[in-house]
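any chance you can model this:
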Amino acid sequence: MADFVAALMDLYARQAYPEVQDPVEIVLETELPQYDDLGIDQEIMRKHLAELADRTTLAESSRNPKAESEKEGKAKGHYQWLTEVPKTKENPEGEGQPAFQTALNRGAHYYEVRGKRIPHWILNARKHNDPTKLSKRQQEALFYADVFQRKGTTTEKGEGYEHGKLQEIMRTGDPDIMNDVYLNHWHTDPDQAVIDNARRSFY
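This is a model prediction of the structure:
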């Protein structure tokens, strides 16, 4: 009986206080079952996604969750999300939503579709707009939420890919595709230095 009560209390805590749950699991437990048709064990998918996340942090911030850049757009955190919209010829006023706020919205989506409250760390981050104030695990969860929902990562089946690019990464762990996703779907404007750094990070 005591075990049953403890299990009920644990279930209640997880529903009432979503911040106690591992945020990475919120995303992966929602996404991965959709890709059972790849014929790959979920643990292999997780291993390959973890490699993608780790190599991306290596390329973006040398694995520093507190990294900051004062360049246009003020990139911050493990994955160097832009916290401001850069001013460009096409957007001289820097109007629109910064990439970090988009990532937070994408992270919140996974709680909403599972009928859970959006955790305080996401709600607070919408206000402080600073990825460096999040834990490493929270930043990793936002990376997964962001990359799964970025245009082209899971829907682009051309360019020689039988499945979407992210599906191919989950299936094979191919560093060529990781590098492709990073340069074409993650980084905002890769110059030669970024391309060279990506090659060092993903291979």
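
hey, let's count contacts and neighbours off CA atoms from now on
OK.

kindly export the longest helix along the chain (C-alpha atoms) in CSV.
Ordering each helix of the chain by length in residues (DSSP state H) puts helix 42-61 first. Presented in CSV, the C-alpha positions along helix 42-61 are these (Å, rounded to 0.1, in the frame of the first residue of the first chain):
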residue,chain,number,x,y,z
GLN,A,42,15.5,4.3,-29.3
GLU,A,43,18.7,4.0,-27.3
ILE,A,44,20.7,4.2,-30.5
MET,A,45,18.6,7.2,-31.6
ARG,A,46,19.4,8.9,-28.2
LYS,A,47,23.1,8.1,-28.6
HIS,A,48,23.3,9.7,-32.0
LEU,A,49,21.2,12.7,-30.9
ALA,A,50,23.5,13.2,-27.9
GLU,A,51,26.5,13.2,-30.3
LEU,A,52,24.8,15.8,-32.4
ALA,A,53,24.1,18.0,-29.4
ASP,A,54,27.6,17.6,-28.0
ARG,A,55,29.3,18.4,-31.3
THR,A,56,27.1,21.4,-31.8
THR,A,57,28.1,22.8,-28.4
LEU,A,58,31.7,22.1,-29.3
ALA,A,59,31.3,24.1,-32.5
GLU,A,60,29.2,26.9,-31.0
SER,A,61,30.7,27.5,-27.6
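
pretty sure residue 117 sits against residue 111.
Yes: using CA atoms under 8 Å, residue 117 is in contact with residue 111, at 6.3 Å.

list the contacts for the residue nearest the centre of the chain?
Geometric centre of the chain, nearest residue: residue 143, 1.2 Å, by CA atoms, centre = their mean. Going by CA atoms under 8 Å, 6 or more residues apart in numbering, residue 143 touches 53, 79, 103.

just to revisit the earlier point, next SSE downstream of the longest helix of the chain?
strand 75-76 (DSSP states H and E).

tell me which strands and helices that next one is in contact with?
Applying 3 or more CA pairs under 8 Å, 6 or more residues apart in numbering; DSSP states H and E, we find strand 75-76 packed against strand 81-82.

flag the shaky bits of the protein, pLDDT-wise.
The model of the chain has pLDDT under 70 over residues 1-20, 94, 155-161.

how about the contacts made by the closest residue to residue 80 other than its chain neighbours?
Distances taken as CA to CA, 6 or more residues apart in numbering put residue 60 closest to residue 80, at 6.1 Å, once the chain neighbours are dropped. Applying CA under 8 Å, 6+ apart to residue 60 gives the contacts 78, 79, 80.
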